[in-house]
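Novice: Compute the structure for the input listed below.
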Amino acid sequence: MAKHKKPKSHFAICIISDDPDLLTPRRIYQVLPDENAARSNYIRVIDNEDEDYR
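Specialist: Take a look at the predicted model:
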């Protein structure tokens, strides 16, 4: 039986935000996998309004 590897979780800390209602400085956000964002040197997270944010 093959063992399934659990994907590693990655996290990011917001440093500066133009809109603290969406992203709060010093708050930790889980990073979501997104190849398109990575190609543009961005990451995707779930913001404070439960929307994905890049």
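
Novice: which residues in the chain form strands?
Specialist: In the chain, the strands defined using DSSP state E lie at 10-13, 28-32, 44-46, 52-53.

Novice: Of these, which is nearest residue 38?
Specialist: Residue 38 sits nearest to strand 44-46 of all the strands of the chain, at 8.9 Å, using C-beta to C-beta. In this view, the C-beta of every residue, glycine as well, is placed from N, C-alpha and C.

Novice: Rounded mean pLDDT for that closest one, please.
Specialist: Rounded to a whole number, the mean pLDDT of strand 44-46 is 93.

Novice: Residue 22: which of the strands of the chain is closest?
Specialist: strand 52-53 (6.6 Å).

Novice: Could I get the full set of helices for this protein?
Specialist: Listed in chain order, the helices found in the chain under DSSP state H are 35-39.

Novice: neighbours around the nearest residue to residue 32 once chain neighbours are set aside, how many?
Specialist: Distances taken as C-beta to C-beta, 6 or more residues apart in numbering put residue 44 closest to residue 32, at 4.4 Å, once the chain neighbours are dropped. Residue neighbour count, defined by other C-beta atoms under 10 Å, stands at 17 for residue 44.

Novice: What distance do you get for residue 44 to residue 34?
Specialist: 4 Å (C-beta to C-beta, to the nearest Å).

Novice: quick one on the thing from earlier: now tabulate the strands of the chain in a markdown table and tack on distance to residue 19.
Specialist: As requested, the strands of the chain are exported to a markdown table (distance: least, C-beta to C-beta, whole Å):
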| stretch | distance to residue 19 |
| --- | --- |
| strand 10-13 | 16 |
| strand 28-32 | 14 |
| strand 44-46 | 14 |
| strand 52-53 | 10 |
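
Novice: most neighbours per residue, which of these?
Specialist: strand 44-46 (a mean of 17; mean count of other C-beta atoms under 10 Å).

Novice: what lines up beside it in the sheet?
Specialist: Sheet pairing here is set by DSSP bridges, and for strand 44-46 it gives strand 28-32 (antiparallel), strand 52-53 (antiparallel).
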